[in-house]
Structures are given as structure tokens and as C-alpha cells.
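# make a model of this:
(one chain, ligands or ions: 1)
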Amino acid sequence: MMTFHVWFFPFFHFHPFFMLVSLFLYFLPAFLARNKSNFTAVLLVDLFLGWTFIGWIVALIMALSSDPPRQIAAPMPSAAPPPQPAATTFFCTACGKPCVVNARFCSSCGAALPATQR
Ligand SMILES: [Zn+2]
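Numbers count the residues shown, from 1 in each chain. Now for the predicted structure:
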């Protein structure tokens, strides 16, 4: 009976399901960072240092804490060149006051606005 356990024990550890779970846990930081800007860095740290517990924690922290600064920095360039003020208003042909482009009637005098101005 004892020899059976000694023989069986390694095979239990290398069961495909157990290896799959271990592999998923090992690459969990890279999996969490798959859509992030530093995915390559997280993957490399996870791959080469993940076998050390500290390296795996570092990769996990990198995966979880990397994106917020990028999201704050990203809207800045895109918010800079919007020609919104000039495009959203035009002047009413009846009263000459500025109106919203998509409005069907002038908000000042109530005149019907031409549909071509959209
Ligand atoms: Zn008007």
C-alpha cells in the first residue's frame, strides 16, 4: 500500500487539471494586464521572475496599478483639438441670433431652421 502512494503521488501533482490551474495562476498577472499599456513588461516580469513569489507579486501589482495614470493622460491630447464651439452653433436666418445646429426651430424667435444646416 505504501509503495502505491509513493508511486501515485507524483502523478497526482502532474494531473492535467492541476497543471492547468497552476499555469493559470502563474500567468494571472499577465492575464489581468492583457489589455493594458504595459502588458509586455508585466508578461516579462511574470515569465522570468514569477517563479519567485516576490516577482509574481510585483507583476500582479504592475498589472493592477498601471492603467489609471494612462487613462488620466489619454483624454488630454484628445480634448485639445475639438472645434466644438464653432460647429455646434450657427446664426438664425430670421433673427440673427446663434442657434444650436441640430435644433429644428430657433430658440430665440421660433422660426423653422433649414435642415441643410445640420
Ligand atoms: Zn431666430
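
# outline the domain layout of the protein.
The record assigns the chain these domain ranges, following automatic domain parsing: 2-76, 82-117.

# contact residues of this structure facing the ion?
Cys92, Ala94, Cys95, Cys106, Ser108, Cys109, Ala111 (Cβ under 5 Å from the ion). The C-beta positions use only the backbone N, C-alpha and C, and glycine is treated the same way.

# thinking Ala103 is in contact with Ala111, fair?
No: when contacts are counted by Cβ atoms under 8 Å, Ala103 is not listed as touching Ala111 (10.8 Å).

# one step back: what's the least confident stretch among the domains of the chain?
Mean pLDDT values for the domains of the chain show the minimum at domain 82-117, a mean of 74.

# pretty sure Ser108 contacts Cys95?
Yes: with contacts counted by Cβ under 8 Å, Ser108 reaches Cys95, the gap being 5.3 Å.
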